[in-house]
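J.: Compute the structure for the input listed below.
(one chain, ligands or ions: 1)
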Amino acid sequence: MNPSRLPQEYRLVELDEIDSTNDEAKRLAAAGAPEGTLVWARCQTVGRGRRGRAWSSRRGNLFASIIVRPDCAPLQAAQLTFAAALAVRDMLTIYIADSASIACKWPNDVLVKGRKISGILLESSTAGQGNVDWLVLGIGVNLRHHPDIGGRHPSTSLIDEGAGEVDLCAALWDFAGAFSRRWKQWRDGGFAPIRDAWLENAFGLGERASIKLERGEFVGGFVGIDANGALRLKAGDGTERLFSAGDVTFGEQS
Ligand code: BTN
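T.: As a prediction, the model looks like this:
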């Protein structure tokens, strides 16, 4: 492994197999590992997705987690998931010729032609003052395989999208470089430029969206995200509601 193409702010922790790169990054962060620690594993035995779901983690796909230590409140730090989704998208544009087919789906998935190719899992710990102590951003990208998840937004992989065999290290370096640029954009310009770029590439903007809630669901027009990244849905009566978490599907609801 030649880490020379990795931006200098990263410290690579390269593993063959681990339970979850997020769990390893969290252990390292709790033990004081610095910002920029990048945990990469060739496979995970207990890969985790959002909402307690499992994340299929066969060899051949990309599994990595970055430790970030932004000195800000948790709500603000969570904006970095949008920076990470954009960085995954930036990386994918290197391999997929039709960049318009690559979209960011709220809150933090990346789709190609409406199919999920990547997911991001954000986990954090808060220090005494209420500011974030550390943040772990875990990304999974389907390079070679994808699970059969069915549903309105099924999954895909770079191979299935015609990108051919993508070198794992090259994909990791490309993602790390892209995240470094997006992170600096956020640090220097705040959420606005990230939000604008995300909206330019948002999946389903202007379409009907349905969000699953603890009890029932809410259906409305997807009109954007607010200054903190919350989903804005407009109901039939014109009222707008904000959602900070949930599973969303787009398109006509049955
Ligand atoms: C989701 O879409 O539900 C988020 C999936 C996040 C998967 C990645 S793979 C690397 C890191 N380690 C994990 O256990 N999960 C994240």
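J.: avg pLDDT for stretch 200-217?
T.: Average pLDDT, stretch 200-217: 93.
J.: which parts of that stretch are buried?
T.: 201, 202, 203, 204, 205, 208, 209, 210, 211 (16 or more other Cβ atoms under 10 Å). Using the backbone N, CA and C atoms, a C-beta is placed for each residue, glycine as well.
J.: which residues touch it?
T.: Here stretch 200-217 makes contact (Cβ atoms under 8 Å, 6 or more residues apart in numbering) with 86, 89, 102-106, 111, 114, 199, 218-225, 231, 233, 243, 246-253.
J.: So which of those sit within strands?
T.: 102-105, 111, 218-225, 231, 233, 243, 247-250 (DSSP state E).
J.: Separate out the buried members of those residues.
T.: 102-105, 111, 218, 220-222, 224-225, 231, 233, 243, 247-250.
J.: Pull the most distant pair out of the buried residues of stretch 200-217.
T.: Across the buried residues of stretch 200-217, no pair lies farther apart than 201 and 210, at 21.2 Å, counting by Cβ to Cβ.
J.: now the strands: where do they sit in the stretch 101-250 of the chain?
T.: 102-105, 109-112, 115-126, 132-141, 208-212, 217-225, 231-234, 240-243, 247-250 (DSSP state E, counting those that start in this stretch).
J.: For the first one, give the mean pLDDT please.
T.: By that I understand strand 102-105. 98.
J.: Same check on the last one?
T.: Model confidence over strand 247-250, given as mean pLDDT, is 92.
J.: interface residues of the stretch 101-250 of the chain facing the ligand?
T.: Proximity of the stretch 101-250 of the chain to the ligand, by Cβ under 6 Å from any ligand atom, involves residues 109, 119, 120, 121, 138, 139, 140.
J.: farthest pair in these?
T.: 109 and 138 (13.1 Å).
J.: got any residues that touch both of the two?
T.: Joint contacts of residue 109 and residue 138 (Cβ under 8 Å, 6+ apart) are residue 120.
J.: can you count the residues close to the residue in the stretch 1-150 of the chain that the ligand sits nearest to?
T.: Relative to the ligand, the nearest point of the stretch 1-150 of the chain is residue 119 (2.0 Å; Cβ to the nearest ligand atom). Using other Cβ atoms under 10 Å, residue 119 is surrounded by 21 other residues.
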